[in-house]
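Colleague: could you look at this predicted model? Sequence included:
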Amino acid sequence: EALDWSRLPLAAGDRVAEIGCSPGGASQLLLERGAQVLGVDPADVDPRVATHPNFRHAKKRGADMRVRDLRDIRWLTVDINVAPEYTLTTVERIATHDAVPLRGIVMNLKLLDWKLAAHLPEYLHRVRGWGFDLVMARQLSHNRQEVCVVATRKSVFKRRRQRKASPEKRPAQSE
């Protein structure tokens, strides 16, 4: 739902890290869209996802990932059951590192207490501070007490427009 709402130009072959990937539903969707997925979670992943040739599983917490292991990642998705400050700190360490040229982030912030909703403007300001031009938040229909935040750079949408504008390569027709 977050991908459809945000219209992120995620393309086949894109490398995505999913922090909080267990049991594997979001990873499965990303794999079906042709992404190469690095799933990060200390828990096991559904065998159908775990055995997919474009899936790798790092059986650890996102906070324990070495940033250098994420240097080929272009998209980051995060869905971990912790307070927003912990999620933001985990993501910030990755998103602000020069070795990880992210195009965008999709993360769910768990509002463990509804009072945390009052801090959403601060959370979004913090994400903008990581160098993302477009930052949006929305409570998706399947979300309960959480908000989905999407952050991208304007350049990712130029990439989508260029891909749509380029002529399709068609095989030569024989007569």
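Modeller: Yep, that arrived.

Colleague: for residue 108, what are its contacts?
Modeller: Going by C-beta atoms under 8 Å, 6 or more residues apart in numbering, residue 108 touches 78-79, 87, 143, 146-149. No exception for glycine: its C-beta is placed from N, CA and C like everyone else's.

Colleague: return the helix or strand in this protein with minimum mean pLDDT.
Modeller: The weakest-scoring helix or strand in the chain, judged by mean pLDDT, DSSP states H and E, is helix 155-165 (a mean of 54).

Colleague: could you redo the contacts of residue 108 as TSV and give each row neighbour count?
Modeller: Formatted as TSV, those follow (neighbours: other C-beta atoms under 10 Å):
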residue	neighbour count
78	22
79	21
87	25
143	16
146	20
147	20
148	20
149	26
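
Colleague: flag whichever of those scores worst on pLDDT.
Modeller: Lowest in pLDDT among those is residue 143, which has 63.

Colleague: out of the contacts of residue 108, list just those in strands.
Modeller: Counting by DSSP state E, those place 78, 146-149 in strands.

Colleague: so where is the chain shaky, pLDDT-wise?
Modeller: 141-143, 155-175 (pLDDT under 70).

Colleague: which parts of it are strands?
Modeller: With strands called from DSSP E, the chain shows them at 15-19, 36-40, 55-58, 75-78, 104-110, 134-138, 146-152.

Colleague: count the residues that sit near residue 99.
Modeller: Counted with other C-beta atoms under 10 Å, residues neighbouring residue 99 total 12.

Colleague: same deal with residue 55?
Modeller: With other C-beta under 10 Å as criterion, residue 55 counts 22.

Colleague: same question for residue 7.
Modeller: Counted with other C-beta under 10 Å, residues neighbouring residue 7 total 11.

Colleague: residue 31: neighbour count?
Modeller: 20.

Colleague: need the contact list for it.
Modeller: By C-beta under 8 Å, 6+ apart, the residues touching residue 31 are 37, 49, 52, 54-55.

Colleague: next, format these as a markdown table and append distance to residue 4.
Modeller: Below are the contacts of residue 31 laid out as a markdown table (distance: C-beta to C-beta, whole Å):
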| residue | distance to residue 4 |
| --- | --- |
| 37 | 18 |
| 49 | 20 |
| 52 | 22 |
| 54 | 21 |
| 55 | 22 |
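
Colleague: buried members of the residues you listed into PyMOL, please.
Modeller: Buried subset of the contacts of residue 31, written as a PyMOL selection, criterion 16 or more other C-beta atoms under 10 Å:
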select buried, resi 37+49+52+54+55
